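J.: below: sequence and its predicted model.
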Amino acid sequence: MSAPPRVLITDAAADLLRRLQEQHGPVMFHQSGGCCDGSSPMCYPQGEFIVGDRDVLLGELHGAPVWISGPQFQTWRHTQVILDVVAGRGGGFSLEAPEGVRFLIRGRAFTPEENAQLADEPLVTGASRRN
């Protein structure tokens, strides 16, 4: 049995992602662990945000890589991240900001069985991507 995905996307967020990709080309997400805008997933044109060595790749959604800061991953490693979208002002530098909506992270705790499967999965970090 394969490990569950670490990141999923809702239909509404997938629709927004497709629109942003049509407007801006390839995009990527980064979830830091900071306060305010840093607590929201940020969407950038691919290559506009430099991924840190400790950042962890959660997966890809419709071709868009989803990264999370290393310390935040340590906190959320037992949580499946679900990218959603809600009405409201987005982060100042995130591509969805002019759309009147913002991306939002929801989560679901992995089961003990899923955690065991994920324990065997290698992590891709910013450092391993550069090597």
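T.: Good, I have the coordinates.
J.: pLDDT weak spots in this protein?
T.: Under the criterion pLDDT under 70, the flagged ranges of the chain are 34-39, 90-91, 130-131.
J.: what segments of it are helices?
T.: Using DSSP state H, the helices of the chain run over 11-24, 70-76, 112-119, 126-130.
J.: what is the longest one packed up against?
T.: Using 3 or more Cβ pairs under 8 Å, 6 or more residues apart in numbering; DSSP states H and E as the contact criterion, the secondary-structure elements in contact with helix 11-24 are strand 27-31, strand 42-45, strand 79-87, strand 101-109. Where C-beta positions appear, they are placed from N, C-alpha and C, glycine not excepted.
J.: so the nearest residue to Gly107 once chain neighbours are set aside bridges to which residues?
T.: Of all residues not flanking Gly107 in the chain, Thr79 sits nearest, at 4.3 Å (Cβ to Cβ, 6 or more residues apart in numbering). Beta bridges link Thr79 to Ala109, judged by DSSP bridges.
J.: Thr79 and Gly52: what is the separation?
T.: Look at Thr79 and Gly52: by Cβ to Cβ, to the nearest Å, they are 20 Å apart.
J.: same check, this time on His62
T.: 24 Å.
J.: the more surrounded of the two?
T.: The residue with more neighbours, out of His62 and Gly52, is Gly52; 15 against 11, by other Cβ atoms under 10 Å.
J.: relative to Trp67, how far out is that one?
T.: 9 Å.
J.: before we move on, the earlier item: redo the helices and strands packed on helix 11-24 as CSV? Include distance to Gln72 and mean neighbour count.
T.: Supplementary listing: the helices and strands packed on helix 11-24 in CSV, determined by distance: least, Cβ to Cβ, whole Å; neighbours: other Cβ atoms under 10 Å:
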stretch, distance to Gln72, mean neighbour count
strand 27-31, 6, 23
strand 42-45, 13, 20
strand 79-87, 10, 17
strand 101-109, 10, 16
